[in-house]
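> the following comprises the amino acid sequence and a computationally predicted model.
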Amino acid sequence: MTPVVALAGGGTGGHLYPGLAIKEQLEAIAPARCVFLCSTRPLDAEILGREGVEFDAIPAAPMSLRPRGLLRFARSWGRSVRAARTVIRREAAGGAPVHLVAMGGFVAAPCVQAARAERCTVTLVNLDAVPGRANRWIARHAARIVTSTPVADESWPVVPPIVRKAAINSMPKPECRTALGLAPDLPTLLVTGASQGARSINRLMMALLARERGAFGYPAAPSRIQDRHGVAGYPWQVIHQTGRGEDDAVRAAYTGAGVPALVQPFFDRMGLAWGAADLAVSRAGAGSVAEAWASRVPTVFLPYPYHRDQHQRFNARPLEAAGGAVIATDRIEESANLPGAGRVIVELMKDAAARSEMGAALARLGPVDGAQRVARLLLAGNETPHPVGLAGRP
């Protein structure tokens with residue numbers, strides 16, 4: 001009988017894409033039916049609809065310590081649990097066992113409560129180095145736990161990064177650039193604030209274009225460009241994922257500076273974008289860190305500045321410790337970011353040797369086969385995964 005795997009998580013691409021990666025591997029290894037339990041946010045329907053997968057939206061609300069947030073969470077809890085139980089019962093109606101995989105976040109918690117009520121096996125796949133309240137609670141009720149990032153105060157088994165196929169590319173850099181409509185022989189900078197974009201990163205890049213244009217390898221005045229050689233060696237081109245509503249202003253900044261750039265709110269084919277890049281500037285969500293590792297792209301990580309626990313900074317620390325990344329502080333205002341994060345980006349754009357060393361350090365971290373390992377664990381029943389080290393090797 002074909003097993004049913006219900007993957008619960010959503011609200012951001014960071015909770016959905018690892019689930020999609022696990023689904024890919026489950027279906028590649030053995031027949032399996034996968035359904036997603038996601039949030040009601042439009043982004044979830046957009047991502048999952050584009051992937052052509054089945055999903056049910058659960059009316060969950062994030063937990064907040066503020067009075068209104070607590071009230072919204074409390075009001076949504078019962079409705080969310082009932083909605084998830086309805087999905088589980090529907091999937092179990094044919095007699096197949098349902099295995100709930102919690103991918104973290106506010107959607108996962110009520111789904112786990114529903115799975116407990118329906119006596120379904122629960123596996124927690126933790127993605128962040130500092131688990132949130134939801135994952136801490138889920139961990140107490142899960143039959144199995146794995147984490148794709150070591151957690152300092154827990155002995156949870158560690159698997160390598162979990163990355164979907166569309167975010168991994170095996171083509172040479174020139175071919176990736178050509179596929180994106182870029183010049184095949186120019187060094188390429190990838191800028192991404194992940195699936196929702198990052199306004200502060202967008203503003204930082206716009207400030208760099210205005211004040212540090214020479215770092216991109218072009219003379220001060222765009223009209224004075226005579227050939228493909230700039231003041232800092234070969235001129236750079238840029239791939240920039242801005243997030244919704246930000247692309248027009250960012251595109252205008254590149255155009256005004258005379259810097260060739262592919263600017264989009266969202267890229268479906270992130271594997272091509274990473275594959276084309278010589279250097280990246282990125283948020284440090286678990287998914288972005290995993291993609292930088294998988295593509296071996298030296299990266300300047302700018303962790304989301306508003307998280308109290310600063311878990312994105314901890315997500316990126318293994319790559320920084322290995323020598324493959326730099327963690328800078330996002331000070332939000334571009335005038336404050338320029339002398340810090342901006343200077344780090346500029347120096348790496350100018351230093352090909354440093355970028356080469358960072359790429360080699362990332363290559364030494366090992367393969368990113370976490371999705372396959374989790375899929376095999378789910379299909380193996382009661383087996384538990386072997387703990388693995390940072391490099392993804394037992």
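Yep, that arrived. Note that this is a predicted model, so its numbers are computed, not measured.

> can you tell me which helix in the chain is longest?
Assignment by DSSP state H gives helix 67-92 as the longest helix of the chain.

> which helices and strands does that helix pack with?
Contacts defined by 3 or more Cβ pairs under 8 Å, 6 or more residues apart in numbering; DSSP states H and E place helix 67-92 against strand 4-8, strand 33-38, strand 98-102, helix 108-117. Where you see a C-beta, it was placed from the backbone N, CA and C, and this is true even at glycine.

> repeat that with 10 Å
strand 4-8, strand 33-38, strand 55-57, strand 98-102, helix 108-117 (3 or more Cβ pairs under 10 Å, 6 or more residues apart in numbering; DSSP states H and E).

> check which residues of that helix are buried.
By neighbour count on 16 or more other Cβ atoms under 10 Å, the buried set for helix 67-92 is 72-73, 76-77, 80-81, 83-85, 87-88, 91-92.

> export the helices and strands packed on helix 67-92 to CSV and tack on distance to N135, mean pLDDT and mean neighbour count?
Shown next, in CSV, are the helices and strands packed on helix 67-92 (distance: least, Cβ to Cβ, whole Å; pLDDT from 0 to 100; neighbours: other Cβ atoms under 10 Å):
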stretch, distance to N135, mean pLDDT, mean neighbour count
strand 4-8, 12, 97, 26
strand 33-38, 16, 96, 24
strand 55-57, 21, 97, 18
strand 98-102, 8, 97, 27
helix 108-117, 8, 97, 25
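
> can you add distance to R136 and give the ones you listed back as CSV?
Output for those, formatted as CSV (distance: least, Cβ to Cβ, whole Å):
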stretch, distance to R136
strand 4-8, 16
strand 33-38, 20
strand 55-57, 25
strand 98-102, 12
helix 108-117, 10
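
> which one of these lies nearest to G193?
Closest approach to G193 among the helices and strands packed on helix 67-92 (Cβ to Cβ): strand 33-38, 20.9 Å.

> which helices and strands sit right next to that closest one?
By 3+ Cβ pairs under 10 Å, 6+ apart, strand 33-38 packs against strand 4-8, helix 13-29, helix 42-51, strand 55-57, helix 67-92, strand 98-102, helix 108-117.

> can you redo those as a markdown table with distance to G214?
Shown next, in a markdown table, are those (distance: least, Cβ to Cβ, whole Å):
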| stretch | distance to G214 |
| --- | --- |
| strand 4-8 | 47 |
| helix 13-29 | 34 |
| helix 42-51 | 37 |
| strand 55-57 | 47 |
| helix 67-92 | 46 |
| strand 98-102 | 49 |
| helix 108-117 | 47 |
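
> those: which one's closest to P235?
Closest among the helices and strands packed on strand 33-38, once you apply Cβ to Cβ, is helix 13-29, at 31.3 Å.

> give me the angle between the closest one and strand 4-8.
Calculated by axes from the mean of the first three to the mean of the last three Cα atoms, to 10 degrees, helix 13-29 forms an angle of 170 degrees with strand 4-8.

> which stretch among the helices and strands packed on strand 33-38 comes nearest S295?
Using Cβ to Cβ, the helices and strands packed on strand 33-38 put helix 13-29 closest to S295, at 14.3 Å.

> of all the helices and strands packed on helix 67-92, which lies closest to G370?
strand 98-102 (13.2 Å).

> can you tell me the centre-most residue of this protein?
Closest to where the C-alpha atoms of the chain average out (Cα atoms, centre = their mean) is G287, at 2.3 Å.

> might one say that it is in contact with W274?
No - with contacts counted by Cβ atoms under 10 Å, G287 stays clear of W274, the gap being 11.6 Å.

> what is in contact with these two at once?
V163, A167 (Cβ atoms under 10 Å, 6 or more residues apart in numbering).

> which secondary structure state does I145 sit in?
strand (DSSP: H, G, I helix; E, B strand; the rest coil).

> what pairs with it across the strands?
Beta-bridge pairing of I145 under DSSP bridges involves L124.

> give the contact list for it.
Listed by Cβ under 10 Å, 6+ apart, the contact partners of I145 are 102, 122-126, 131, 135, 138-139, 151, 154-157, 384-385.

> any chance you could map the strands in the stretch 151-300 of the chain?
188-192, 237-241, 261-264, 279-282, 299-301 (DSSP state E, counting those that start in this stretch).

> what residues of the first one count as buried?
Buried residues in strand 188-192, defined by neighbour count with 16+ other Cβ under 10 Å: T188, L189, L190, V191, T192.

> tilt between that strand and strand 237-241?
10 degrees.

> how about N337, what does it touch?
Here N337 is in contact with 200-201, 203-205, 207-208, 302, 328-331, 343, 345 (Cβ under 10 Å, 6+ apart).
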